[in-house]
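J.: The sequence isn't on hand, but the structure is:
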């Protein structure tokens, strides 16, 4: 019997369009939950009730939340990295989905065709997504009950040496997930000097909140065993194959 652990499928484009296409309420709810994760609260009077106001402009249709008490209007995107985007709410959400969901990435040329926007707008959206990804990962400690870690090399192959004896730079990659072997929520990449247990342990401690209740999945690299006293370490190769259920 196979011991392979299969990754669950990511949300498909079909599922995305089913939920958000022609459903502005779901699009608004997505951005509202991102800006006010604890629920809407007016920054002037603290009121939690609001009215949704539609604004039609020359370049896009946007929505604001008007406080039910003092009537201050709050933009869904003001104060965020996307506040200057001149595209409709659904197109913006679709662009974000495509950028973060495509395994091999998506070019600005393809994005401007799919979203029916000009190249400059598509490129600006991609740059904002890259900045968002960088900011979310830079100082944030990974904090989860499930992690995955692996070591890989970057750089040109050495003519005289092979494998770990080559001059290529070793990189430590760490993922945090909501469930074991699920798709990652956040990722950390760190340049390491060597593959020793001490080096791996030091770098993971700087990136992750560790506990005895948490689990670290690795590909069998022995150096990760130095973390056994701080976190459960599971050395098992994982299959990334997907199968229909």
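T.: Received it, and whenever you're ready, just let me know what you need. Predicted, not measured: the structure shown is a model, and the values here were computed from it. Numbers count the residues shown, from 1 in each chain.

J.: any idea how far stretch 101-108 is from the chain center?
T.: Distance of stretch 101-108 from the chain centroid (Cα atoms, centre = their mean, to the nearest Å) equals 13 Å.

J.: okay, how far is it across it, tip to tip?
T.: Start-to-end span of stretch 101-108 (Cα to Cα, to the nearest Å) is 15 Å.

J.: residues in contact with that stretch?
T.: 10-11, 13, 16, 98-99, 119, 122-123, 126 (Cβ atoms under 8 Å, 6 or more residues apart in numbering). Using the backbone N, CA and C atoms, a C-beta is placed for each residue, glycine as well.

J.: any idea which of those has the most stuff around it?
T.: When neighbours are counted by other Cβ atoms under 10 Å, residue 122 leads those with 23 neighbours.

J.: element containing that one, please.
T.: Assigned by DSSP states H and E, residue 122 falls within helix 119-138.

J.: what do you get for residue 216?
T.: strand 215-218.

J.: Now do that strand: which elements does it pack against?
T.: With contacts taken as 3 or more Cβ pairs under 8 Å, 6 or more residues apart in numbering; DSSP states H and E, strand 215-218 sits against strand 146-154, strand 232-235.

J.: do that again at 10 Å, thanks
T.: Here strand 215-218 touches strand 146-154, strand 169-177, strand 232-235, going by 3 or more Cβ pairs under 10 Å, 6 or more residues apart in numbering; DSSP states H and E.

J.: can I get the ones you listed in CSV with mean pLDDT and distance to residue 218?
T.: Putting those into CSV (pLDDT from 0 to 100; distance: least, Cβ to Cβ, whole Å) gives the following:
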stretch, mean pLDDT, distance to residue 218
strand 146-154, 89, 5
strand 169-177, 89, 10
strand 232-235, 90, 5
